[in-house]
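>>> Predicted coordinates and the sequence they were generated for:
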Amino acid sequence: MKKQLVIRRLAAALCASGLLSIPLQAMASAFQLFEQDGASVGNYHAGYAAEADNASTAFYNPAGITRIKNPQLVVSGAAITPSIKYTGTVATNYINDSEVMGTTAQGGKFGFVPSLSYVTPINDYLGIGFSITVPFGADVDYGQSSVIRYAATESMVRVLDYSPSIGFKVTDKASLGVGFDIQRMWGEFDQVATVGDSTYDSVGINDADDTAYGYHLGGLYEFTPDTRIGISYHSQVRHHLTGDSTFNGLLADPDQSVGWGPVYPSTDRMNITLPPYTALSLFSHVHPQIAVMASVVYTEWDVIKDLVLQDVAGIDDTFTASDSIIIDIPQHYHNTINYSAGADFFVTNKIILRTGLGFDESPVTSEYRSVQVPDSDRYIIALGAHYQYSKAFGFDVGWNHFFFKDATINPPPQNAGAQQTDTNGEVHSSADVLSGQITWSFV
């Protein structure tokens, strides 16, 4: 019975290894990011499709390029410090055997989101721009010091977007814009497997990447010089990732008494569609020293129904080394709305103080929330400041704090080979974002 238990546990662990942990938690719902410039962090991106006061509008809403009257370069970065604490149990169930293990694990990992934008006017009615941004990304890492490592260790995804864009006026008050998105996507998804004795802990490493293409559109209407409304749309982007799947350690060594190796590396594959999203924003100077702004962002997460992982290296349910394991993971994401509102206070002609509030819905269906994607609704507060050092140079700082709702983890049993795995617990999360930005206007 002991040997049978060991075999089944190993097979199940390897079948579930690697790419199974692709879903991630980030600062917007699921793994979406809104930190495409440092200044808007101070308002939690309220009004981002309408404000158009620096070159970052090339990505947010290319129609706003027509408001930039001199060549301008914006360089910014945002540091993200999340806390993701899971407390609960991991149960591995077999036909006649079961094992329940309690654990507490920290999954938050420091991240940095850089961005660069450049805009130059061609004439009074036409301008062009270029941006490098990170619209999606996250890194959840529980490490290898707790038993949760047998369900998930590190899950990382990063998307780098290169985007040329153009904006043009159609009337004195209305502008349109369009941008082309060239996206590079990387992922690494790792997990540890064992046979009940940590001596045999072995690591599956799965990485993949892809280049794909999309577009974004925008419109801007200025009711008055002080009040405007903007709308933007970013298309879905379909990625077909390929990479390397490896499994190394004593369990992959055929000379070991519990080894079913050798497990040869394989070329893993996964298709994922990044969702389209639409933003509607308002910006208004309601007083010479006060401006208010708001945004509503609708993200169509329902393009992600499930994740099908192909050609993963490991041990299949016949206890045989394989390089073609297929895993189908249901997600059932639903569409979400992100709300933000903010204000700028013009203290002097050089100093602006910013503030904002937000609410962000999670696309995760509660019945399928897992330790790999412990996402939940969140509230956000924001503060920031701008200092105009000279006509050429301006500096911004911003800060957000995210209050996540506590999330219960109790999804359906996860089937992998001869084993069923149940997780039952809670995740308590929070996060802080600190941003900085330099704006260089060529005047």
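Thanks, I have the structure now.
>>> which element follows the helix or strand of the chain with the lowest mean pLDDT toward the C-terminus?
Least confident element among the helices and strands of the chain, by mean pLDDT, DSSP states H and E: helix 2-15 (a mean of 38). Next along the chain after helix 2-15, taking DSSP states H and E as the criterion, comes helix 57-60.
>>> Just the CA trace of that following helix, in CSV.
Output in CSV follows, covering the C-alpha atoms of helix 57-60 (Å, rounded to 0.1, in the frame of the first residue of the first chain):
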residue,chain,number,x,y,z
THR,A,57,-1.6,59.5,-23.8
ALA,A,58,-0.1,57.8,-26.9
PHE,A,59,-1.0,54.5,-25.2
TYR,A,60,-4.0,55.5,-23.1
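>>> what ranges do the strands span in the stretch 201-350 of the chain?
In the stretch 201-350 of the chain, the strands defined using DSSP state E, counting those that start in this stretch lie at 202-224, 227-234, 237-248, 266-274, 277-287, 290-299, 306-315, 321-330, 336-346.
>>> closest to residue 423 out of the ones you listed?
Each of the strands of the stretch 201-350 of the chain has some distance to residue 423 by Cβ to Cβ; the shortest is strand 321-330, at 14.1 Å. To be clear about C-beta, it is placed using only N, CA and C from the backbone, and glycine gets the same treatment.
>>> which secondary structure elements does that closest one contact?
Judged by 3 or more Cβ pairs under 8 Å, 6 or more residues apart in numbering; DSSP states H and E, the packing partners of strand 321-330 are strand 306-315.
>>> same for the strand it packs on, what does it pack against?
Looks like strand 306-315 contacts helix 2-15, strand 202-224, strand 237-248, strand 266-274, strand 321-330 (3+ Cβ pairs under 8 Å, 6+ apart).
>>> Rebuild the strands of the stretch 201-350 of the chain as JSON lines, extending it with distance to residue 90, mean pLDDT and mean neighbour count.
Below are these laid out as JSON lines (distance: least, Cβ to Cβ, whole Å; pLDDT from 0 to 100; neighbours: other Cβ atoms under 10 Å):
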{"stretch": "strand 202-224", "distance to residue 90": "17", "mean pLDDT": "93", "mean neighbour count": "20"}
{"stretch": "strand 227-234", "distance to residue 90": "38", "mean pLDDT": "98", "mean neighbour count": "22"}
{"stretch": "strand 237-248", "distance to residue 90": "20", "mean pLDDT": "91", "mean neighbour count": "19"}
{"stretch": "strand 266-274", "distance to residue 90": "24", "mean pLDDT": "90", "mean neighbour count": "20"}
{"stretch": "strand 277-287", "distance to residue 90": "34", "mean pLDDT": "97", "mean neighbour count": "19"}
{"stretch": "strand 290-299", "distance to residue 90": "31", "mean pLDDT": "97", "mean neighbour count": "21"}
{"stretch": "strand 306-315", "distance to residue 90": "19", "mean pLDDT": "80", "mean neighbour count": "21"}
{"stretch": "strand 321-330", "distance to residue 90": "17", "mean pLDDT": "78", "mean neighbour count": "16"}
{"stretch": "strand 336-346", "distance to residue 90": "29", "mean pLDDT": "97", "mean neighbour count": "20"}
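>>> For residue 367, which of the ones you listed is the nearest?
Of all the strands of the stretch 201-350 of the chain, the one in closest proximity to residue 367, counting by Cβ to Cβ, is strand 321-330 (9.8 Å).
>>> which residues of the protein score low on pLDDT?
Within the chain, the segments meeting pLDDT under 70 span 1-28, 92-99, 194-197, 317, 414-420.
>>> Please enumerate the helices of the stretch 301-443 of the chain.
Read by DSSP state H, counting those that start in this stretch, the stretch 301-443 of the chain holds no helices at all.
>>> where's the residue positioned nearest the centre of the chain relative to residue 391, distance?
Residue closest to the mean C-alpha point of the chain, counted by Cα atoms, centre = their mean, is residue 31 at 2.4 Å. Using Cβ to Cβ, to the nearest Å, one obtains 39 Å as the distance from residue 31 to residue 391.
>>> same deal with residue 384?
Residue 384 sits 21 Å away from residue 391, going by Cβ to Cβ.
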